[in-house]
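In: for reference, the sequence and a predicted model appear below.
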Amino acid sequence: MTRKELFKNTLRKSVHAWKLINELPLSDDESLMLRHFMDQPGFLDLHWRMFVPAIKGQGTEEQKQKWLPLANKMQIIGCYAQTELGHGSNVQGLETTATFDPQTDQFILHSPTQTSSKWWPGGLGKVSTHAVIYARLITDGKDHGVHGFIVQLRNMDDHSPLPGITIGDIGVKFGNGAYNSMDNGFLMFDKFCIPRDQMLMRLSKVTREGKYVPSDVPRQLMYGTMVSVRQTIVSNASIAMARAVCIATRYSAVRRQFGSQNGGIETQVIDYKTQQNRLFPLLASAYAFRFVGEWLKWLYTDVTQRLEASDFATLPEAHACTAGLKSMTTSATSDGIEECRKLCGGHGYLWCSGLPELFAVYVPACTYEGDNVVLQLQVARFLMKTVSQLGSGKAPAGTTAYMGRAKHLLQCRSSIRKAEDWLNPAMVLETFEARALRMAVSCANNLSKFENQEQGFSELLADLVEAAIAHCQLIVVSKFIVKLEGEIKGKGVKNQLKNLCYIYALHLIHKHLGDFLSTNSITSEQASLANHQLRSLYTQVRPNAVALVDAFDYTDHYLGSVLGRYDGNVYPKLFEEALKDPLNDTVVPDGYHEYIRPLIKQHLRSARL
Ligand SMILES: CCCCCCCCCC/C=C\CCCCCC(=O)SCCNC(=O)CCNC(=O)[C@H](O)C(C)(C)COP(=O)(O)OP(=O)(O)OC[C@H]1O[C@@H](n2cnc3c(N)ncnc32)[C@H](O)[C@@H]1OP(=O)(O)O
Ligand SMILES: Cc1cc2nc3c(=O)[nH]c(=O)nc-3n(C[C@H](O)[C@H](O)[C@H](O)COP(=O)(O)OP(=O)(O)OC[C@H]3O[C@@H](n4cnc5c(N)ncnc54)[C@H](O)[C@@H]3O)c2cc1C
């Protein structure tokens, strides 16, 4: 499809999905499933996951009563317009202004510079009638920082932009189809007025007289919509990883290469230890991210209930967990999808493998909803704060509770003696805790050598990110272990999940061996025992690998991959796909007479000379 066709077809699908949701009707969870089967980014994502939650989280009761019924029936379509051309990560650096005019009781929205243009919001370019806009609030000449506003963008009769608004699509993005179904947009305001009651005023307010009443709750609640979406992105990482792994595992069982004895059948590539060493940790990650996603959903629900009761104590941890896990799981999944493409050899590069499009549509997850490095630095700040409070009498809780055992974890030596010890959950956990704590404490010690803490933080950014990643990996490993301790139906299933849990943990040790050795969390002998155990686990997973991806229950239609077909009938179907290509409509291609023939003729002429 051309971009225009793709965009229009996504509109068609979105509206059809919305019709089904209402007619059947579907529950919220079922509607989310439908979104997955629709399988294309579109305006519904931003409307439901950001516009509506922003009003719910930041609007007053009156604002919710006015706007939510309209949004819930999709009589208005909204998006989330925060990022600008000049600033995305640095939210405090946004430039759009919302100046209160006491004469008219309105805010005047203005884009003072080119870099202040909104740039990137999905659904903004062509579809949305409304947006939650983030702008600097100015009253009586004073800048109160960034706040949210509900703004109508387009005329409800003919969809034209309202006077004072310039709006459009930012252009083609990475990949052929991929994210191009979405109208990520730009927007500029030229002194555009909105009534005062369209500032989202649950947190802070502007009175009729123009007095600014600051929030008596943490201002970071304004970032609540991002926390909510980051949480869902973690579960989505599992879905995308599982999809790629399903394709690569099934194909690795079909594909044969080398190893024929006396003219017999060749070896299935899944039997090569190198293939297993690349593939099975990704299979394990798909399960691990699913379990940590379930736990994160619980954490998010818990913090939401606490916030409603004005208990803000767990907000910093919820922020650190959602930011860190969003970052870690999306980076691992993007890399994992690309690895799956390579695991499928040359055929993985074909569009019909399903992997190129999956990569193209998935990879922006490393950037949207917070650049992954910027987010890990938020985790690092949280860790540095926690370390600095050790010994102050305030016991670390939740995911940093292990830091409360700092004395032990800083000096303990791993008691792994033989390869099977690596199947002991307590020993594995302690190894990850020791590594994470020692990396965090090492950063804190290095930071303390700087007179200026912020300067020190800047200098140590790379180490801080590594420490944050170590902490996030510990969370994933520990939540996998907790899952195994709970009820899992079927002994066989539990054993398989145990194998995957240890593969997940031990491959991380293998991959980040430098961290584990340099922090003395393990010795080089223990590292080689881990490798030994890993190989043995691969052997145990091998006979069940296909069943473990079948368990994701993805239909062929959803996978969209010739290589990942359930029936394994890959080669005839590759031919079928190839023959469908428009280039094969004719035997002699268009352009032959124009370019190829004259070239060949010229060659023949010079040969004769
Ligand atoms: C094929 C189909 C695929 C299937 C996919 C299915 C769908 C997938 C689901 C996707 C759904 C929708 C699509 C998503 C589209 C993407 C939309 C967007 O991208 S919206 C824009 C997102 N933008 C960002 O994320 C910006 C990132 N930047 C920030 O969040 C902040 O600026 C910052 C955290 C980096 C810095 O904040 P700031 O206040 O400027 O600075 P400090 O560092 O000083 O922080 C102060 C203080 O606040 C705490 N903090 C920060 N953020 C939060 C928060 N969110 N919650 C709670 N607390 C927070 C921070 O820790 C500091 O605390 P102290 O105690 O003072 O240390
Ligand atoms: C597909 C897609 C959809 C999007 N949808 C929306 C939307 O609906 N609404 C919306 O408002 N926005 C949206 N965005 C914007 C997105 O949220 C931002 O692009 C994202 O937050 C990253 O910000 P940035 O582009 O400013 O990156 P930058 O911050 O400019 O990042 C550039 C580089 O600088 C590094 N960097 C930046 N700051 C630091 C630092 N402090 N320390 C160390 N390194 C740093 C980063 O790691 C990165 O390598 C979307 C983006 C994409 C790609």
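Out: Everything's here; your move. Numbers count the residues shown, from 1 in each chain. Ligands and ions are numbered 1, 2, ... in the order given.
In: which stretches of the stretch 451-600 of the chain have low pLDDT?
Out: Low-confidence segments of the stretch 451-600 of the chain (pLDDT under 70): none present.
In: what about the residue in the stretch 1-150 of the chain that ligand 1 sits nearest to, neighbour count?
Out: Ligand 1 sits closest to residue 91 of the stretch 1-150 of the chain, with a gap of 3.5 Å, by C-beta to the nearest ligand atom. Placement of C-beta: from N, CA and C, glycine included. Residues contacting residue 91 under the criterion other C-beta atoms under 10 Å number 17.
In: ranges for the strands of this structure?
Out: 78-81, 97-101, 106-110, 118-119, 130-139, 142-152, 165-169, 185-189, 192-195, 205-206, 212-213 (DSSP state E).
In: most tightly packed of those?
Out: Among the strands of the chain, ranked by average contacts under mean count of other C-beta atoms under 10 Å, first place goes to strand 78-81 (a mean of 30).
In: pairing partners for that one, with directions?
Out: strand 130-139 (parallel) (DSSP bridges).
In: what sits against the residue of the stretch 1-150 of the chain closest to ligand 1?
Out: Listed by C-beta atoms under 8 Å, 6 or more residues apart in numbering, the contact set of residue 91 reads 82, 134, 146, 223.
In: which one is the first one nearest to, not counting chain neighbours?
Out: Translated: residue 82. residue 134 (4.4 Å; C-beta to C-beta, 6 or more residues apart in numbering).
In: is it true that that neighbour touches residue 95?
Out: No. Using C-beta atoms under 8 Å, residue 134 makes no contact with residue 95, being 10.7 Å away.
In: how many neighbours does residue 250 have?
Out: 25.
In: and it, what is it in contact with?
Out: Residue 250 sits next to 546, 549, 563-566, 568 when contact means C-beta under 8 Å, 6+ apart.
In: cutoff 10 Å now
Out: Residue 250 makes contacts with 270, 344, 545-546, 549-550, 559, 561, 563-568, 570, as judged by C-beta atoms under 10 Å, 6 or more residues apart in numbering.
In: repeat for residue 286
Out: Counted by C-beta under 10 Å, 6+ apart, residue 286 has contacts 237-246, 333, 336, 500, 504, 548-549, 552.
In: near ligand 2, from those?
Out: Near ligand 2, taking C-beta under 6 Å from any ligand atom as the test, no member of these is found.
In: show me where the stretch 301-450 of the chain has helices.
Out: 315-343, 355-362, 372-388, 406-411, 425-448 (DSSP state H, counting those that start in this stretch).
In: would you mark the buried spots in the second one?
Out: Residues 355-362 are the ones in helix 355-362 that count as buried (16 or more other C-beta atoms under 10 Å).
In: which among those residues gets closest to residue 52?
Out: Minimum distance to residue 52 across the buried residues of helix 355-362 is 23.1 Å, recorded for residue 361 (C-beta to C-beta).
In: quick one: the closest one and residue 18, what's the gap?
Out: Using C-beta to C-beta, to the nearest Å, residue 361 is found at 21 Å from residue 18.
In: whatever residue of the stretch 451-600 of the chain ends up closest to ligand 2: neighbour count?
Out: Proximity of the stretch 451-600 of the chain to ligand 2 (C-beta to the nearest ligand atom) peaks at residue 461, 5.7 Å away. By other C-beta under 10 Å, the residues close to residue 461 number 13.
In: correct me, but it touches residue 380?
Out: Yes. Between residue 461 and residue 380 a contact is recorded at 8.2 Å, counting by C-beta atoms under 10 Å.
In: any chance of the buried residues of helix 355-362 in CSV, with pLDDT and distance to ligand 1 too?
Out: CSV is the format used below for the buried residues of helix 355-362 (pLDDT from 0 to 100; distance: C-beta to the nearest ligand atom, whole Å):
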residue, pLDDT, distance to ligand 1
355, 98, 13
356, 97, 13
357, 95, 8
358, 96, 7
359, 97, 11
360, 96, 10
361, 96, 4
362, 97, 6
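In: need these in JSON lines with distance to residue 471, can you?
Out: Formatted as JSON lines, the buried residues of helix 355-362 follow (distance: C-beta to C-beta, whole Å):
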{"residue": "355", "distance to residue 471": "31"}
{"residue": "356", "distance to residue 471": "33"}
{"residue": "357", "distance to residue 471": "33"}
{"residue": "358", "distance to residue 471": "29"}
{"residue": "359", "distance to residue 471": "27"}
{"residue": "360", "distance to residue 471": "30"}
{"residue": "361", "distance to residue 471": "29"}
{"residue": "362", "distance to residue 471": "24"}
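In: ligand 2: which of those is nearest?
Out: Closest approach between the buried residues of helix 355-362 and ligand 2, by C-beta to the nearest ligand atom: residue 361, at 9.3 Å.
In: that closest one: what's it in contact with?
Out: 39-41, 173-175, 177-182, 240, 337 are the contacts of residue 361 under C-beta under 10 Å, 6+ apart.
In: ok, now residue 278?
Out: Counting by C-beta under 10 Å, 6+ apart, residue 278 makes contact with 248, 252, 272, 336, 339-340, 342-343, 507.
In: select only the buried ones of those in PyMOL?
Out: Restricted to buried positions by 16+ other C-beta under 10 Å, the PyMOL selection for the contacts of residue 278 reads:
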select buried, resi 248+252+272+336+339+340+343+507
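In: of the contacts of residue 278, closest to residue 191?
Out: Closest approach to residue 191 among these (C-beta to C-beta): residue 336, at 48.1 Å.
In: and the pLDDT at that closest one?
Out: pLDDT for residue 336: 98.
In: before we move on, the earlier item: dump the contacts of residue 91 into a markdown table; add distance to residue 140 and pLDDT as well.
Out: Listed next are these as a markdown table, based on distance: C-beta to C-beta, whole Å; pLDDT from 0 to 100:
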| residue | distance to residue 140 | pLDDT |
| --- | --- | --- |
| 82 | 25 | 98 |
| 134 | 21 | 98 |
| 146 | 18 | 97 |
| 223 | 26 | 92 |
